[in-house]
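Q: Just the structure for this:
(chains A, B, C and D)
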2 protein chains.
Amino acid sequence: MAIDSSQAAGFTRRATRRLQTIEEALDHAVAIMEADGVGALSMSEIARRLGIRQPSLYKYFPSLHAVYDALFARGLALMEAAVMATVTPLPAGVARIRAGAKAWIRCAVDNPALAQLLVWRPVPGFQPTGETFAGSTRQMDQLRTEFAAAVDRGELNPEGGTPEALRLYTMVLSGVISQQMANQPGAAFDTGLFTRLIDDALDMFFARYSVPQGGSDAKPRP
Amino acid sequence: MAIDSSQAAGFTRRATRRLQTIEEALDHAVAIMEADGVGALSMSEIARRLGIRQPSLYKYFPSLHAVYDALFARGLALMEAAVMATVTPLPAGVARIRAGAKAWIRCAVDNPALAQLLVWRPVPGFQPTGETFAGSTRQMDQLRTEFAAAVDRGELNPEGGTPEALRLYTMVLSGVISQQMANQPGAAFDTGLFTRLIDDALDMFFARYSVPQGGSDAKPRP
DNA sequence: GTCTATATGTTGATAGAC
DNA sequence: GTCTATCAACATATAGAC
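A: Numbering: from 1, shown residues only, chains lettered A, B, ... in the order given. Here you go, the predicted structure:
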């Protein structure tokens, strides 16, 4: 019992310590990217800030690309968490989609380096692992169901459920964050010249898929 | 006379030869960026492809940043030429703006490296020279006048002339090209999953600023 | 898991001969 | 304008002692 417990505890402690170091390394990586650009990341600099020698870092990451992959995954998780925290208490529908969009944009502005990794492809030769990329696909799937729900509830016309509508939606969000990051980096969400137009952008988008506001009996389906 | 002429000719010949070399260097630079990413550009690689030693390249560009600046300027000029060629024969108005937008997107897709340099900011520490950046500002000014003309002609409501409308417009275009370059690089304009939605995106945008389609007497201004 | 040592490569930029 | 030579950094990654 005592032996098992200490073994288990020892194992988990080592494992958690290792995970802590990994997270710390990623923290530094984010700091480096935000300071000097996404392309300025290097194993040497991470190790330097971590207080270890550069070869030691290879015990945690097999390559620089692996670091980028972990950062991509972290970015995905961060965005998902931000959106979920905002969206979970809300009922399905357009209002929920809108709230999620704003949460996403806000999170992207607050984490510009990770957002660049997600929205742009600034690192030559880097592509997220299949496993990592699956997370991105999963988020897109969930977004699809959100739109389908809004259509079912009659808040969007049937065209709102098409892949084209979804792509148009991602284009709108991508446009907001791209212009904000490129032309006014560092600005806060509430004061950014482009992010402050997010409501207008969403109005513009959803107006395209609004249901005809009929009177008492407006084309009900038999 | 003969002397003056030969001197002048000698001077211009040398000058044009020099300009030719510079243009050739920029051609190689574009090829490098398209092959290995915008951040992969280096003086060494340009010189290698140019068939000269790397220090010799410093006779043409004082630094790598100067090369980026020249590339930024070339990208601006290319886009402007493409838009102008499409737009010049058309009368002012929304149709002309739309045609210009499509020409711009098409040109961006055909020149992804230069487009990335213009739309994103992928090179850490690089900012276009004041002179170069002025070209960008000038193009924005012209866009502003295009919108003002469309408002004057009654094709857009007064809100279409506001800075917010213009920013929303740039966000839409930036969203199209960003999503296309990030998620389906290399696709042609006509078949790209995102670029083929350009008309829908423009519909969505201009619908927001459409004038109320009145009957015979729809709110004429006194 | 950390270190030293090292191999091997790259880069931007300058000095100075021709 | 081209070259050689060189500097000073910087990088990724591996081998192997402890």
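
Q: quick one: contacts for the spatially most central residue of chain A?
A: Residue closest to the mean C-alpha point of chain A, counted by C-alpha atoms, centre = their mean, is residue A:79 at 3.3 Å. By C-beta atoms under 8 Å, 6 or more residues apart in numbering or on different chains, the contact set of residue A:79 is A:104, A:107, A:108, A:118, A:139. Just so you know, the C-beta spots here come from the backbone N, C-alpha and C atoms, and that holds for glycine as well.

Q: Buried among those residues? Need that as a selection in PyMOL.
A: In PyMOL syntax, the buried subset of these is picked out as below (16 or more other C-beta atoms under 10 Å in any protein chain shown):
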select buried, chain A and resi 104+107+108+118
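
Q: Going by distance to DNA strand C, which of the contacts of residue A:79 wins?
A: DNA strand C lies nearest to residue A:118 out of those, by C-beta to the nearest atom of the strand, at 27.3 Å.

Q: what packs against the helix or strand containing that closest one?
A: If you go by DSSP states H and E, residue A:118 is part of helix A:112-119. For helix A:112-119, the elements it packs on are helix A:2-36, helix A:64-87, helix A:94-110, helix A:163-183, judged by 3 or more C-beta pairs under 8 Å, 6 or more residues apart in numbering or on different chains; DSSP states H and E.

Q: how far does stretch A:203-213 sit from the chain's center?
A: 26 Å (C-alpha atoms, centre = their mean, to the nearest Å).

Q: Contacts for that stretch, please.
A: So stretch A:203-213 is contacted by A:94, A:98, A:154-157, A:159-160, A:165, A:168-169, A:172, A:218-219, B:168, B:200, B:203-205, B:207-208 (C-beta under 8 Å, 6+ apart).

Q: Intersect these with the contacts of DNA strand D.
A: Among the contacts of stretch A:203-213, no residue sits close to DNA strand D (C-beta under 7 Å from any atom of the strand).

Q: Give me the buried entries from these.
A: Applying 16+ other C-beta under 10 Å to the contacts of stretch A:203-213 flags A:94, A:98, A:155-156, A:160, A:165, A:168-169, A:172, B:168, B:200, B:204-205, B:208 as buried.

Q: Ramachandran angles for residue A:212?
A: phi -60, psi 120 (degrees, to the nearest 10).

Q: can you count the residues close to it?
A: 7 (other C-beta atoms under 10 Å in any protein chain shown).

Q: For chain B, see how far away it is.
A: The spacing between residue A:212 and chain B, counted by C-beta to the nearest C-beta, to the nearest Å, is 14 Å.

Q: Report pLDDT for that residue.
A: Looking at residue A:212, its pLDDT is 89.

Q: just residue A:94 next, same as before
A: Reported pLDDT for residue A:94: 98.

Q: got the contact list for the closest residue to it other than its chain neighbours?
A: Excluding its sequence neighbours, the residue lying closest to residue A:94 (C-beta to C-beta, 6 or more residues apart in numbering or on different chains) is residue A:155, at 4.6 Å. Residue A:155 makes contacts with A:93, A:94, A:211, as judged by C-beta under 8 Å, 6+ apart.

Q: I'd like to know the phi and psi angles of the first one, please.
A: The phi and psi torsions at residue A:93 (degrees, to the nearest 10) take the values phi 140, psi -180.

Q: can you tell me how far it sits from residue B:202?
A: 27 Å (C-beta to C-beta, to the nearest Å).

Q: So for those two, which sits in the more crowded spot?
A: Between residue A:93 and residue B:202, residue B:202 has the larger neighbour count (other C-beta under 10 Å), namely 20 against 17.

Q: quick one: average pLDDT of the helix or strand in which that one is found?
A: Using DSSP H and E, residue B:202 falls within helix B:198-207. Across helix B:198-207, pLDDT averages out at 98.

Q: Buried ones in the lowest-mean-pLDDT helix or strand in chain A, by neighbour count?
A: Least confident element among the helices and strands of chain A, by mean pLDDT, DSSP states H and E: helix A:2-36 (a mean of 81). Of the residues in helix A:2-36, A:21, A:25, A:26, A:28, A:29, A:30, A:32, A:33, A:34 count as buried by neighbour count, 16+ other C-beta under 10 Å.

Q: and the residues you listed as CSV, adding distance to residue A:69?
A: As requested, the buried residues of helix A:2-36 are arranged in CSV below (distance: C-beta to C-beta, whole Å):
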residue, distance to residue A:69
A:21, 17
A:25, 13
A:26, 11
A:28, 16
A:29, 11
A:30, 14
A:32, 16
A:33, 14
A:34, 19
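
Q: Taking helix B:163-183 as reference, get the angle to the helix holding residue B:202.
A: Put simply, helix B:198-207 runs at 160 degrees to helix B:163-183, going by axes from the mean of the first three to the mean of the last three C-alpha atoms, to 10 degrees.

Q: Kindly format the C-alpha coordinates of helix B:198-207 as CSV.
A: What follows is helix B:198-207, C-alpha atoms only, in CSV (Å, rounded to 0.1, in the frame of the first residue of the first chain):
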residue,chain,number,x,y,z
ILE,B,198,-16.0,36.9,-53.5
ASP,B,199,-19.3,37.9,-55.2
ASP,B,200,-21.3,36.7,-52.2
ALA,B,201,-19.0,38.5,-49.9
LEU,B,202,-19.4,41.7,-51.9
ASP,B,203,-23.2,41.2,-52.0
MET,B,204,-23.2,40.9,-48.2
PHE,B,205,-21.1,44.0,-47.8
PHE,B,206,-23.0,46.3,-50.2
ALA,B,207,-26.4,45.1,-49.1
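
Q: That helix: how far from the chain's middle?
A: Using C-alpha atoms, centre = their mean, the offset of helix B:198-207 from its chain centre is 20 Å.

Q: Equivalent analysis for stretch A:121-136, please.
A: On C-alpha atoms, centre = their mean, the centre of stretch A:121-136 falls 13 Å from the chain's centre.

Q: secondary structure element for residue A:61?
A: Here residue A:61 is assigned to no helix or strand, by DSSP H and E.

Q: Name the nearest residue to residue A:185, sequence neighbours excluded.
A: residue A:112 (6.4 Å).

Q: Around the one you found, count how many other residues there are.
A: For residue A:112, using other C-beta under 10 Å, the count is 18.
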